[in-house]
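1. test case, fold it:
(one chain, ligands or ions: 1)
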Amino acid sequence: MLLYEGKAKQVYSTENENEYVVYYKDDATAFNGEKKASIASKGILNNKICTIMFETLEKAGIKTHFIKALSDREQLVKKVTILPLEVIIRNITAGSFCKRYGVEEGIVLDKPIFEMSYKNDEYGDPLINDDHAVALKLATQEEIDYIRAQTLKINEIMKEFFLKMDLKLVDFKLEFGKDADGNIILADEISPDTCRLWDVNTNEKLDKDRFRRDLGDLVQGYEEVLSRMNK
Ligand code: C5P
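-> Below you'll find the model as predicted:
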């Protein structure tokens, strides 16, 4: 049964009450849904890339919702309740950081910046701090501390992983969920829809900015990321 339909994915219940199936669609949206398109095979590429990312993180000791890939577009995952937080790490300036603070794109930050947004389309996913998140009862301070520590760890693993394939991990967004036992685990997806990835030598953008800013064929960029992962 379809439980939830997001911009790029659908979530289905299964016969096992502790498991869901995530289906990756071809839809792309940007600017909170203002720009929309269907891009053939994007869902397949994201499912494949995300599968490799979750497997890599699990191997490095990070607990995620990922169980296994079921098909070209489907993943079996653990049932979690998603926390309404979008967690972002920035290693290099880009995107909304540049726009909000009037900073040039491409500046390597002295240390990673950890950001949180309140996941709420109606209010445009506003940036929040720990106190906001606790006051809004989105998470407890202990949960936020844990999420921050996990996210910084994930950043180190992913940065090294991508650098090996000559990709700079500029920034990325994560979402966490709570499982049946109350444990917080990494959920949602990790793909070029949710990460900025630039070629180390040319700074060519191989992520969703190709769609957001009309920088070139999106599928070609995602295929390049996947082929470097499979080398
Ligand atoms: O737009 P912004 O610069 O804040 O995005 C930072 C990172 O988070 C980018 O890698 C972007 O792809 C990702 N992001 C996302 N979903 C959102 C907002 C940002 O995946 N709703």
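2. hang on, isn't Gly43 packed against Ser71?
-> No - in this structure Gly43 lies outside contact range of Ser71 using C-beta atoms under 8 Å: 10.8 Å. C-betas here are computed from N, CA, C, even on glycine.
3. which one's more surrounded, the two?
-> Gly43 (24 against 12; other C-beta atoms under 10 Å).
4. what about the closest residue to the ligand within the chain, neighbour count?
-> For the chain, the nearest residue to the ligand under the criterion C-beta to the nearest ligand atom is Gly95, separated by 2.1 Å. If you count neighbours by other C-beta under 10 Å, Gly95 ends up with 16.
5. please apply the same query to Glu34.
-> The tally of other residues near Glu34 (other C-beta under 10 Å) stands at 7.
6. quick check: chain neighbours aside, which residue is closest to Ala180?
-> Nearest non-adjacent residue to Ala180, counting by C-beta to C-beta, 6 or more residues apart in numbering: Asn18, 6.0 Å away.
7. what's the answer for Lys63, then?
-> Ile185 (4.4 Å).
8. element containing that neighbour, please.
-> Element membership for Ile185 (DSSP states H and E) is strand 184-187.
9. for that strand, what is the average pLDDT?
-> In this model, strand 184-187 has an average pLDDT of 98.
10. pull out the buried residues from the very next helix or strand once past that strand.
-> Toward the C-terminus, strand 184-187 is succeeded by strand 195-199 as the next helix or strand (DSSP H and E). For strand 195-199, the neighbour count (16 or more other C-beta atoms under 10 Å) marks Cys195, Arg196, Leu197, Trp198, Asp199 as buried.
11. same deal with stretch 2-10?
-> In stretch 2-10, counting by 16+ other C-beta under 10 Å, buried: Ala8, Lys9, Gln10.
12. quick one: which of those residues is nearest Asp166?
-> Sorting the buried residues of stretch 2-10 by distance to Asp166 puts Ala8 at the head of the list, at 26.2 Å, by C-beta to C-beta.
13. isn't the closest one up against Ala28?
-> Yes - with contact defined as C-beta under 8 Å, Ala8 counts as touching Ala28 (7.1 Å).
14. helix, strand or coil for Glu58?
-> helix (DSSP: H, G, I helix; E, B strand; the rest coil).
15. same thing with the one 10 residues further on?
-> At Lys68, secondary structure determined by three-state DSSP is strand.
16. now do the contacts for it.
-> Contacts for Lys68 (C-beta atoms under 8 Å, 6 or more residues apart in numbering) come out as Gln75, Leu76.
17. that one bridge partners, please.
-> Beta-bridge pairing of Lys68 under DSSP bridges involves Leu76.
18. so what pLDDT did it get?
-> 98.
19. residues in contact with Gln141?
-> Counting by C-beta under 8 Å, 6+ apart, Gln141 has contacts Asp130, Val134.
20. do the strand holding Ile185 and the ligand come into contact?
-> No - Strand 184-187 is not in contact with the ligand by C-beta under 6 Å from any ligand atom; minimum separation 13.2 Å.
21. how far off centre is that strand?
-> From the chain centre to the centre of strand 184-187 is a distance of 12 Å (C-alpha atoms, centre = their mean, to the nearest Å).
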